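**Student:** give me a model of this one.
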Amino acid sequence: MQYPELFQTLKVGAMVLPNRIVMAPLTRCRAGTEHIPNDLMAAYYSQRATAGLIVAEATMIQEWNSAFIAEPGIYSKEQINGWRKVTSAVHKSGGQIFLQIWHGGRACHPEMNNGHETVAPSAIAIDGEVHTPKGKARHVVPRALEDREIPTYIGYFKQAAINAREAGFDGVEVHGANGYLIDQFLRDSANRRSGTYGGSLANRSRFLLEVLREVIGVWGAERVGVRLSPLNSYNSMKDSDPLALVKHLARELNPLNLAYLHLMRADFFGQQSGPVIETARPLYDGVIIGNMGYTPQEAALSIAQGKVQAVAFGHQFVSNPNLVDKIRRGQTLTEPDQTTYYTPGPKGYTDYPV
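**Tutor:** Sure, this is the predicted structure:
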């Protein structure tokens, strides 16, 4: 067996993972413009059920909150029923699956949302363009949320957590990464607010912590995780002191006793760097799942050294549905066809050989 550290069981909250190879949340845009999970998605996730844990893709908590045109939602009965197909297929194949609940904030665009306005912590647009049903368009300047509105958005996360339970998930991951609404509150390049939800680290973290407490009230802390990306510059994100943010969040999250803390350690574009996991580790007693750029060898070494307890693999799971077995056997991994990441249909989705 290659890399035995990856094949030890791991207690994560209320669950025991059969291995430490986690499937990272991967937006694949197969839910159609109605945002309803379907049989194709059930096949895709069930193919990958040997992962210690699957974290399903970013899923809309609110109608008219699309940032990818064809991503799934969890706010309607039809979507709950669609996701139930997915969870049933994964469980039948012996897997465990969390749903990543998500609000796009300023990454959403009116052209994807029937003209509905885009909201964010501050009225600052993402640089550049986004794909819409009418072609590429510049990101819009969002409307800054008022403090009195924020409990409504916390309520959307809570209802999404309730709906995820009805859909048969094993837990939920709160998406606090990659420049979407929660991350926009956390980092000072996107949050220029004054008052209760802006300014200090404590105030910028308030929205995340209030969301987590509501979601914990639905699931219990042992079935709730959170994903953070303090260095990732995707969606025009930056923080003036990301490691101070990591320290603050690690301290604040520690007493919540979450199932896990999912940390993206790097930047998609290499613009920012720093010891994210090494900074969080001494301050956070629970399970840390590392993510971004790990090889199986490095993942096993990081677990052996106690830096993380598990590692989430992303693009490797796209093209290697049997990634767990391939790593165990030391087989060469298939590279994914990136041109099919977001295209409709089974090509590049369910047709990789198992």
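**Student:** residue boundaries of the strands in the stretch 101-250 of the chain?
**Tutor:** 119-120, 129-132, 135-138, 143-144, 171-176, 224-228 (DSSP state E, counting those that start in this stretch).
**Student:** mean neighbour count, distance to Q271 and mean pLDDT added to those strands, as TSV?
**Tutor:** Yep, even glycine has a C-beta here, placed from its N, CA and C like the rest. Listed next are the strands of the stretch 101-250 of the chain as TSV, based on neighbours: other CB atoms under 10 Å; distance: least, CB to CB, whole Å; pLDDT from 0 to 100:
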stretch	mean neighbour count	distance to Q271	mean pLDDT
strand 119-120	23	21	98
strand 129-132	16	19	96
strand 135-138	11	21	96
strand 143-144	16	26	98
strand 171-176	28	20	99
strand 224-228	26	17	99
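**Student:** between those, which one is closest to R84.
**Tutor:** strand 171-176 (15.0 Å; CB to CB).
**Student:** follow-up on the earlier one: want to throw the strands of the stretch 101-250 of the chain into JSON lines with distance to T87?
**Tutor:** Shown next, in JSON lines, are those (distance: least, CB to CB, whole Å):
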{"stretch": "strand 119-120", "distance to T87": "30"}
{"stretch": "strand 129-132", "distance to T87": "29"}
{"stretch": "strand 135-138", "distance to T87": "35"}
{"stretch": "strand 143-144", "distance to T87": "35"}
{"stretch": "strand 171-176", "distance to T87": "11"}
{"stretch": "strand 224-228", "distance to T87": "16"}
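**Student:** show me the one of the ones you listed that comes nearest R213.
**Tutor:** strand 224-228 (9.8 Å).
**Student:** does that closest one pack against any helices or strands, and if so which?
**Tutor:** strand 171-176, helix 201-219, helix 242-253, strand 260-264 (3 or more CB pairs under 8 Å, 6 or more residues apart in numbering; DSSP states H and E).
**Student:** what about the helices in the stretch 51-200 of the chain?
**Tutor:** Taking DSSP state H, counting those that start in this stretch, the helices of the stretch 51-200 of the chain run over residues 77-92, 150-166, 181-186.
**Student:** what angle do the second one and strand 171-176 make?
**Tutor:** It stands for helix 150-166. Here helix 150-166 points in a direction 150 degrees away from that of strand 171-176 (axes from the mean of the first three to the mean of the last three CA atoms, to 10 degrees).
**Student:** now do helix 150-166: distance to the chain's middle.
**Tutor:** Here helix 150-166 shows a centroid-to-chain-centroid distance of 16 Å under the convention CA atoms, centre = their mean, to the nearest Å.
**Student:** which residues does it contact?
**Tutor:** 59, 61-62, 74-75, 79-80, 83-84, 99, 101, 103, 145, 172, 174, 181, 197, 207, 210-211, 214-215, 217-219 (CB atoms under 8 Å, 6 or more residues apart in numbering).
**Student:** let's go with 7 Å and repeat that
**Tutor:** Outside helix 150-166, the residues that touch it by CB atoms under 7 Å, 6 or more residues apart in numbering are 61-62, 74-75, 80, 99, 101, 103, 172, 174, 197, 207, 210-211, 214-215, 218-219.
**Student:** just the shortest one next, same as before
**Tutor:** Identification of contacts with helix 181-186 by CB under 7 Å, 6+ apart yields 103-106, 120-121, 175-177, 190-191, 197, 204-205, 207-208, 211, 229, 237, 245.
**Student:** for it, buried residues please.
**Tutor:** L181, I182, D183, Q184, F185, L186 (16 or more other CB atoms under 10 Å).
**Student:** just stretch 347-354 next, same as before
**Tutor:** Result for stretch 347-354 [16+ other CB under 10 Å]: buried residues G348, Y349, T350, Y352.
**Student:** and what of stretch 271-282?
**Tutor:** Q272, G274, V276, I277, T279, A280, R281.
**Student:** quick one: which of those residues sit in helices?
**Tutor:** Per DSSP state H, helices hold the following members of the buried residues of stretch 271-282: V276, I277, T279, A280.
**Student:** pick the one among those residues closest to N257.
**Tutor:** Taking those together and measuring to N257 by CB to CB, the closest member is A280, at 15.7 Å.
**Student:** hmm, L263 and that closest one touching each other?
**Tutor:** Yes: counting by CB atoms under 7 Å, L263 is a contact partner of A280 at 6.2 Å.
**Student:** shared neighbours, those two?
**Tutor:** In contact with both A280 and L263: I288, using CB under 7 Å, 6+ apart.
**Student:** now the helices and strands packed on strand 224-228 as TSV including distance to Y45?
**Tutor:** TSV is the format used below for those (distance: least, CB to CB, whole Å):
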stretch	distance to Y45
strand 171-176	15
helix 201-219	20
helix 242-253	27
strand 260-264	18
